[in-house]
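K.L.:
Mind looking at a prediction? Sequence and model below.
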Amino acid sequence: MGRPKSQNGRREQLVLSALDAIRDRGIRNLRIRDIAEGAKVSTGTIHYHFADIDEIIYAVHSGASDRFFSDRFRAISELEDARDQLGSLVASGLPTSSDDAVVIALYEIDLYRRGDPAHMLLGQALFDRQVALYFGTLQLGVSQGHFTLNAPAQDIAQTLVALEDACGMHIIYGNRSLMIDRSSALLLGYSQTATSCSEIGTRTTPTKSRSSSNETSKTKHRALGNQLRGTIS
């Protein structure tokens, strides 16, 4: 039997508060009290809904992973041309800013829970799903006659996701030599070279970043809350 909607709503609120607390304090300094203060509830309320802080961290990790992938999938779902899809994937694969709470949570939890089987599975699944998006787009580009790949599609796809992860970490940690614009240019350059297609990222069709459909922090949180309904019920 599922939880009443009111309980799920409260759990969502607590998980979203944890997301903000991780961004502001870091995962190692995360405390039940921080989550309670952010959600404007007592610590007893948190203990009522979650067994411990580890359960909250898992819910944050799972929900953030689903949200990150879903945003990327939506960014290409309305595009028919593989050149536009690839440009959109590059745009949506980087943090929206150095304060991107979803991406910060993913990096922080991956490192903090390194070696934990449950969290390792979440990280692996997110990587593989993103690779699948790139792989499908690359194959589509070949079938449309736009791409001539200089390596197997799987190799290119995995390299692109790995480059995104590396660039994203520099953005989050504030490396001014490798911020969003520079990272995007490097990823687009590799995409163009790997596909022998100079039109990626240069066409007039607008590419969507993860922030383009979520213009405010509040909107982002509502969308993540919708993802969490399936995660924490």
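P.N.:
Sure thing, it's come through. These numbers were taken from a predicted model, which means no experiment stands behind them.

K.L.:
and H61, how many neighbours?
P.N.:
25 (other CB atoms under 10 Å). C-beta coordinates here come from the backbone N, C-alpha and C atoms, glycine included.

K.L.:
Same check on I172?
P.N.:
Using other CB under 10 Å: I172 sits among 20 other residues.

K.L.:
Kindly report the same for the one 10 residues further on.
P.N.:
Using other CB under 10 Å, R182 is surrounded by 15 other residues.

K.L.:
Same check on the one 3 residues further on?
P.N.:
When neighbours are counted by other CB under 10 Å, A185 registers 12.

K.L.:
Please, which helix or strand holds it?
P.N.:
Applying DSSP states H and E as the criterion places A185 in helix 180-195.

K.L.:
Name the surrounding residues that touch that helix.
P.N.:
Helix 180-195 is contacted from outside by 86-87, 90-91, 93-95, 97, 138, 141, 146-151, 156, 159-160, 163-164, 167-168, 170-171, 197-201, using CB atoms under 8 Å, 6 or more residues apart in numbering.

K.L.:
Just give me the neighbour total for E80.
P.N.:
For E80, using other CB under 10 Å, the count is 10.

K.L.:
Repeat that for H47.
P.N.:
13.

K.L.:
Quick one: residues contacting the closest residue to it other than its chain neighbours.
P.N.:
Among residues not flanking H47 along the chain, I32 sits closest, at 7.5 Å (CB to CB, 6 or more residues apart in numbering). The contact partners of I32, taken as CB under 8 Å, 6+ apart, are T43, I46, H47, I53.

K.L.:
Okay, and the residue most central in space within the chain sits in which element?
P.N.:
With distances taken as CA atoms, centre = their mean, F68 lies nearest the centre of the chain, 2.9 Å away. Here F68, judged by DSSP H and E, is contained in helix 53-77.

K.L.:
Kindly list the longest helix within the chain.
P.N.:
Determined from DSSP state H, the single longest helix within the chain is helix 117-143.

K.L.:
packing partners for the next helix-or-strand element following that helix?
P.N.:
Later in the chain than helix 117-143, the nearest helix or strand by DSSP H and E is helix 153-172. Secondary-structure packing of helix 153-172 (3 or more CB pairs under 8 Å, 6 or more residues apart in numbering; DSSP states H and E): helix 82-92, helix 101-112, helix 117-143, helix 180-195.
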